[in-house]
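S.K.: Requesting a structural model of the entry that follows:
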Amino acid sequence: MTSSSTPPPASAGEPAEHRPLRRLKARGRDEAHRVASPLELFFDLCFVVAIAQAGAQLVHAMAEGHAGVGILNYAMIFFAIWWAWMNFTWFASAYDNDDALYRVVTLVQIAGVLVLAAGVSRAFEEHDFLAVWLGYVIMRLAMASQWLRVARSTEGDERTMARRYAAGVLLCMIGWLGLVLLPEDARAWVFLVMVFVEMGVPVYAEKDHPTSWHPHHIAERYGLFTIIVLGETIAAATVAMKSGVDEHDALGDLLPIAAGGLLIIFAAWWIYFVVPIHGHLRSNRQSFLWGYGHYLIFSSAAAIGAGLEVAVEQAVGKAHISTLAASAAVTLPTALFLLTVWALHSRFYKVGIAQQLVLPTTALLVIVCTFLGDWAVFAAGLVSALAVATGTTLTARMGAGERATTPVE
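M.R.: Numbers count the residues shown, from 1 in each chain. Model (predicted):
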């Protein structure tokens, strides 16, 4: 999982040893043992720093009763983080040659997300998106330079594809400037329009020549990022729990939240990784929908941690919101996570109506748990755990039934 990325073999006439600079050519989609590199893992960890900042500001906004504005700002900032991460991930799956320039440009993208992270609090508190935009520009300029390297190293339709990517990335940066220059009331519309424009760039760029991304590598990269986001969720909730116990001596009030939150996160991990999704990623049409849909999976997973922090603050009297609102901060992102994982991930491997209904039914029951007062989070955790148990039991019964009907030779 953490072995270094192996670049494509040198072509005829080139020395076999690693050179500081090499042509940025496509890797094979059928390449064996394609795994995430240490640079990619480092990239993910640094991006989670920005996610943690966005989550902390979401907690503050919701605890102060400004959920609407907080969720909008969180959605915009999370999109910038996720989109830059996703673009790098798919690019690296197809073109990572691991030379010195590739590494430097990737480190520049990491610097960009750290600049973005530094501007998150100002974006939430003062509605000033200048630092966020600047960090995004740094990341995207670096990404455009990678595509220009590809254009220089290739020809024909592949070169055209790379040029389209570079042009689209550069033009979108200008569009995002609207978040800085336009009045605050217009920012939601700027965000909505630019989301569709950004998502249209890969579709347009690859319409004549798809990139050679690797299904196993992509599935692993998304899975690793899911683990990191869930880990950040646990870390944030743990810090909030420790603060509540140390400052307010409220262990009895916080135990149900802690137990329920842990069950939710454990269930989220189990449900996401129970299916081998790489087999579903066979074409751009399937992969674009799956990859884009992870915006909801990642953002809802991170929001669960923020919701747990809000629930803790409400339980110890620090949040100026009702128990119902604090419960919803946990149950609604949990339900969204379950539904999105089912729609994008799990349903392709479910057999029969019973298996297909497990996650949608669980999401509905988790929402119902919102109205259970102080026990809402604990109940949502139990429901999530029962979903795992039910799914596992149904799968085991189906396997036993298939073995029973298989003729013995």
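S.K.: going forward, measure contacts between C-alpha atoms and count neighbours the same way
M.R.: Fine.
S.K.: Spatially nearest residue to the residue positioned nearest the centre of the chain (excluding sequence neighbours)?
M.R.: Central residue of the chain (Cα atoms, centre = their mean): residue 298, 3.3 Å from the mean position. What sits nearest to residue 298 in space, not counting adjacent residues and going by Cα to Cα, 6 or more residues apart in numbering, is residue 226, at 6.6 Å.
S.K.: how close does the one you found sit to residue 82?
M.R.: Counting by Cα to Cα, to the nearest Å, the separation of residue 226 from residue 82 is 12 Å.
S.K.: wait, doesn't residue 134 sit right on residue 118?
M.R.: No. Look at residue 134 against residue 118 with Cα atoms under 8 Å: they stay out of range, at 10.6 Å.
S.K.: Residue 303: neighbour count?
M.R.: 30 (other Cα atoms under 10 Å).
S.K.: now the stretch 251-400 of the chain, which segments are flagged as low pLDDT?
M.R.: The stretch 251-400 of the chain contains residues with pLDDT under 70 at 278-280, 284, 399-400.
S.K.: Could you tell me how many residues sit around residue 327?
M.R.: Neighbour tally, residue 327, other Cα under 10 Å: 29.
S.K.: Report the contact partners of it.
M.R.: 307, 311, 370-371, 373-374, 376-377 (Cα atoms under 8 Å, 6 or more residues apart in numbering).
S.K.: The same query, at a cut-off of 7 Å, please.
M.R.: Contacts of residue 327 were listed using Cα atoms under 7 Å, 6 or more residues apart in numbering, and they are 311, 370, 376-377.
S.K.: In those residues, find the pair that's most separated.
M.R.: Within those, 311 and 370 form the most distant pair, 11.6 Å apart (Cα to Cα).
S.K.: quick one, which of the two is more surrounded?
M.R.: residue 311 (36 against 24).
S.K.: Spatially nearest residue to the more buried one, not counting backbone neighbours?
M.R.: residue 326 (4.9 Å).
S.K.: element containing that neighbour?
M.R.: Secondary structure from DSSP states H and E places residue 326 in helix 323-341.
S.K.: centre of the chain versus that helix, how much separation?
M.R.: The gap between the average C-alpha position of helix 323-341 and the chain average comes to 17 Å, counting by Cα atoms, centre = their mean, to the nearest Å.
S.K.: Quick check: phi and psi on residue 366?
M.R.: Dihedral pair for residue 366: phi -60, psi -40, per degrees, to the nearest 10.
S.K.: Next: residue 394.
M.R.: Torsion angles, degrees, to the nearest 10, at residue 394: phi -60, psi -40.
S.K.: Please list all residues in contact with it.
M.R.: Taking Cα under 7 Å, 6+ apart, we find residue 394 in contact with residue 355.
S.K.: Give me the distance between it and residue 268.
M.R.: Taking Cα to Cα, one finds residue 394 at 18 Å from residue 268.
S.K.: do the same with residue 112
M.R.: For residue 112 relative to residue 268 (Cα to Cα), the value is 30 Å.
S.K.: between these two, which one's more packed in?
M.R.: Between residue 112 and residue 268, counted using other Cα under 10 Å, the more crowded position is residue 112 (27 against 22).
S.K.: Provide the secondary structure category for residue 211.
M.R.: coil (DSSP: H, G, I helix; E, B strand; the rest coil).
S.K.: going forward, begin numbering at 52 instead of 1
M.R.: Renumbered: residue one is now 52, and that last one reads residue 262.
S.K.: what are the ranges of the strands in the chain?
M.R.: In order along the chain, the chain carries no strands (DSSP state E).
S.K.: Residue 372 reaches residue 114, doesn't it?
M.R.: Yes. Using Cα atoms under 7 Å, residue 372 is in contact with residue 114, at 6.3 Å.
S.K.: More neighbours: these two, which one.
M.R.: Neighbours per residue (other Cα under 10 Å) separate residue 372 from residue 114, with residue 114 holding more: 25 against 19.
S.K.: And the pLDDT for that one?
M.R.: Note on residue 114: pLDDT of 87.
S.K.: burial measure for the nearest residue to it once chain neighbours are set aside, as a count.
M.R.: Leaving aside its sequence neighbours, residue 114 sits nearest to residue 370 (Cα to Cα, 6+ apart; 4.5 Å). Residue 370 has 22 neighbouring residues, counting by other Cα under 10 Å.
S.K.: Over to residue 170?
M.R.: With other Cα under 10 Å as criterion, residue 170 counts 23.
S.K.: repeat for residue 83
M.R.: 9.
S.K.: do you know how far it is from residue 265?
M.R.: Taken as Cα to Cα, the span from residue 83 to residue 265 is 10 Å.
S.K.: Check residue 355 too.
M.R.: Counting by Cα to Cα - residue 355 and residue 265 are separated by 30 Å.
S.K.: Check residue 135 too.
M.R.: Taking Cα to Cα, one finds residue 135 at 19 Å from residue 265.
S.K.: Looking only at neighbour counts, state which of these two leads.
M.R.: Remark: of residue 135 and residue 265, residue 265 carries more neighbours, 24 against 21, as counted by other Cα under 10 Å.
S.K.: Let me see the backbone angles for that one.
M.R.: With angles defined as degrees, to the nearest 10, residue 265 sits at phi -100, psi 120.
S.K.: residues touching the closest residue to it other than its chain neighbours, list them.
M.R.: Residue nearest to residue 265 in three dimensions, not counting chain neighbours: residue 80, with 4.7 Å by Cα to Cα, 6+ apart. Listed by Cα under 7 Å, 6+ apart, the contact set of residue 80 reads 263-265.
S.K.: JSON lines for these, including pLDDT?
M.R.: Shown next, in JSON lines, are those (pLDDT from 0 to 100):
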{"residue": "263", "pLDDT": "89"}
{"residue": "264", "pLDDT": "86"}
{"residue": "265", "pLDDT": "88"}
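S.K.: Turn these into CSV, including distance to residue 104.
M.R.: Converted to CSV, the contacts of residue 80 look like this (distance: Cα to Cα, whole Å):
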residue, distance to residue 104
263, 34
264, 31
265, 31
